[in-house]
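Participant: Build me a model:
(one chain, ligands or ions: 2)
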Amino acid sequence: MTDDVLVVHGGTPLEGRIRVRGAKNLVSKAMVAALLGDSPSRLFDVPKIRDVEVVRGLLGLHGVKVTDGTEDGELVFDPSNVESASTDQINVHAGSSRIPILFCGPLLHRLGHAFIPDLGGCHIGPRPIDFHLQALREFGATVEKTPEGLHLSAPNGLHGTKFALPYPSVGATEQVLLTAVMAEGVTELRNAAVEPEIIDLICILQKMGAIIKVHTDRVIEIQGVKRLHGYSHRPIPDRIEAASWAAAALATRGHVEVLGAQQADMMTFLNIFRSVGGEYEVTDARPPKLSDPGQEGGIRFWHPGGELNAVALETDVHPGFMTDWQQPLVVALTQARGLSIVHETVYEQRLGYTEALNTMGANIQVYRDCLGGTPCRFGRRNFKHSAVIAGPSKLHAADLVIPDLRAGFSHLIAALAAEGTSRVYGVDLINRGYEDFEAKLASLGAHVERP
Ligand SMILES: CC(=O)N[C@H]1[C@@H](OP(=O)(O)OP(=O)(O)OC[C@H]2O[C@@H](n3ccc(=O)[nH]c3=O)[C@H](O)[C@@H]2O)O[C@H](CO)[C@@H](O)[C@@H]1O
Ligand SMILES: C=C(OP(=O)(O)O)C(=O)O
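Facilitator: Ligands and ions are numbered 1, 2, ... in the order given. Below you'll find the predicted structure:
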């Protein structure tokens, strides 16, 4: 733990330009989809993050040859020899990521059985997988829970089904997609999640030969096919990372251009960013010509000076304000004048990180009540899932221990915005979702060092 610490000398605005690559929440699923093809797949712009390493490891254990392509960030997957792996080998990855649960459908199609280790991911609530398992059973899978992990089989194959999710879960929607594409017959999924990362996964599956219709009102219809082939795909950029750097620019009174950031996927964030008083400019990409090297598109985010405004926001499923944007933005809200209100409706325990911000001088109170109008599953269940942030607060340095990915990035932003020198422990957790964050910090002029 002691060598996993970053010393942050705060108080300097972040200034400069960084680039985001393929979205963590798409790339890892695209890698799983490669298992379904009967020929190699190619994925571009893959960031070097921990979740990618975990999925690469799991694919390798199941006989998928994963190699680096010629382009930086390109991965090639050859699934021609998919095979079983031992539970001991698979359990090396226990507790490291949430993606292993998505191996169920593809492994059942390819091998007739699957073993799934305990899942990891951010500690932001209990995160059950009941919708996943219920859907898999509807397709005809049998699921056995054992102390070492989940064992699944499909003795009679997988068959299309009609299924309605109790809540538009991202992971459960992906589970249904990755299973239904090669199940026999038609599947109709109601109350599906429609996040941009899901639409991009559907694009990949369609490239592979799948037949998928996305209807209005969260209904997705999938016509199972007998075979799928490999794909070649450049994923959507990481809108969570982009928003995190935007929040860092605002909290430190800086100016950061995020190359690769895409307006369409970030509209809800951009509206809140502007309401808080942040400025942004969308820079469109210009393709290269003989006389002109062209320009990569992105979004410039900056603090225009003066005071920021308090806002009320609720996190929600797409197209609402993403829960993963919440933690970084709250750090900026500690600098806004007045009372900001955040109602977290996606996870029951995603406000624990505010305690650390309070030790740095922030004034954030958390409540069990629903402080917002969006129907929420947590209001009567005793979870502290609403926050009132009173600002502006002068943040001072502190010693911080990072609990998980997004809370970790928000701790880091707070340390950068604070006066004085903070020590941030457990920074390695940030590598699960932010590629090269230390190099990016350095290029933005942050004063950070390893002790
Ligand atoms: C790797 C990845 O893509 N992670 C994202 C994904 O997580 P993930 O796919 O795990 O999140 P879900 O959308 O499934 O979870 C949303 C809510 O549904 C509940 N639920 C989910 C499944 C289930 O079987 N039972 C159940 O009750 C969860 O506890 C949570 O309260 O979507 C979340 C919501 O946008 C994001 O915050 C995560 O960054
Ligand atoms: C909650 C997150 O991810 P995961 O589902 O991988 O824990 C996140 O990326 O903020």
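Participant: only C-alpha atoms for contact and neighbour calcs from this point on.
Facilitator: Noted.
Participant: Would you tell me which strand is longest in this structure?
Facilitator: strand 336-343 (DSSP state E).
Participant: Is that strand positioned near ligand 1?
Facilitator: No. For strand 336-343, no contact with ligand 1 is found by C-alpha under 6 Å from any ligand atom; the gap never falls below 13.5 Å.
Participant: So which bits of whatever helix or strand comes next after that strand are buried?
Facilitator: Using DSSP states H and E, the helix or strand that follows strand 336-343 in sequence is helix 354-359. Of the residues in helix 354-359, those buried under the neighbour-count criterion (16 or more other C-alpha atoms under 10 Å) are 354, 356-358.
Participant: Closest one of those residues to ligand 2?
Facilitator: Thr354 (15.6 Å; C-alpha to the nearest ligand atom).
Participant: ok, the closest one touching Gly361?
Facilitator: No. At 10.7 Å, Thr354 does not count as touching Gly361 under the criterion of C-alpha atoms under 8 Å.
Participant: List the neighbouring strands of the longest strand of the chain plus their orientation.
Facilitator: strand 308-309 (parallel), strand 312-314 (parallel), strand 386-391 (antiparallel) (DSSP bridges).
Participant: chain center to the second one, what's the gap?
Facilitator: Translated: strand 312-314. Strand 312-314 has its C-alpha centroid displaced from the chain centroid by 20 Å (C-alpha atoms, centre = their mean, to the nearest Å).
Participant: helices or strands up against the helix or strand containing Gln327?
Facilitator: Taking DSSP H and E as the criterion, the element that holds Gln327 is helix 323-333. Packing partners of helix 323-333 (3 or more C-alpha pairs under 8 Å, 6 or more residues apart in numbering; DSSP states H and E): helix 239-251, strand 386-391, helix 405-417.
Participant: how close does Asp120 get to ligand 1?
Facilitator: If you look again at residue 120, you'll see it is Gly, not Asp. Distance of Gly120 to ligand 1, given as C-alpha to the nearest ligand atom, to the nearest Å: 10 Å.
Participant: That residue against Pro100, yeah?
Facilitator: No. Taking C-alpha under 8 Å as the definition, Gly120 is not a contact partner of Pro100, at 9.1 Å.
Participant: higher neighbour count, those two?
Facilitator: Comparing Gly120 with Pro100 by other C-alpha atoms under 10 Å, the one with more neighbours is Pro100, at 25 against 15.
Participant: Just give the nearest non-adjacent residue to the more buried one, would you?
Facilitator: Nearest-residue entry for Pro100: Ile116, 6.2 Å, with adjacent residues in sequence omitted and distances by C-alpha to C-alpha, 6 or more residues apart in numbering.
Participant: Would it be right to say that Leu6 lies in a helix?
Facilitator: No. Going by DSSP: H, G, I helix; E, B strand; the rest coil, the assignment for Leu6 is strand, not a helix.
Participant: What residues are bridge-paired with it?
Facilitator: Applying DSSP bridges, one finds that Leu6 bridges with Val424.
Participant: Give me the neighbour count for it.
Facilitator: 21.
Participant: For it, which residues are in contact?
Facilitator: Counting by C-alpha atoms under 8 Å, 6 or more residues apart in numbering, Leu6 makes contact with 423-425, 427, 448-451.
Participant: for those, which one is nearest ligand 2?
Facilitator: When those are compared against ligand 2 (criterion: C-alpha to the nearest ligand atom), the nearest one is Val427, at 15.1 Å.
Participant: you'd agree that closest one is up against Asp4?
Facilitator: Yes. Between Val427 and Asp4 a contact is recorded at 6.1 Å, counting by C-alpha under 8 Å.
Participant: Isn't Arg17 up against Leu441?
Facilitator: No. If you go by C-alpha under 8 Å, Arg17 and Leu441 don't touch, sitting 10.1 Å apart.
Participant: Torsion angles phi and psi at the residue lying closest to Val346 once chain neighbours are set aside?
Facilitator: When the adjacent residues along the chain are set aside, Val346 lies closest to Asp316, with 6.0 Å between them (C-alpha to C-alpha, 6+ apart). Taking degrees, to the nearest 10, you get phi -160, psi 170 for the backbone angles of Asp316.
Participant: before we move on, the earlier item: which one of Val427 and Asp4 is surrounded by more residues?
Facilitator: Neighbour count, other C-alpha under 10 Å: between Val427 and Asp4, Val427 has more, with 25 against 13.
Participant: what's the pLDDT at that one?
Facilitator: At Val427, the pLDDT value in this model is 94.
Participant: Identify the residues contacting it.
Facilitator: Contacts of Val427 (C-alpha under 8 Å, 6+ apart): 4-6, 402, 408.
Participant: Right, I'll leave it there.
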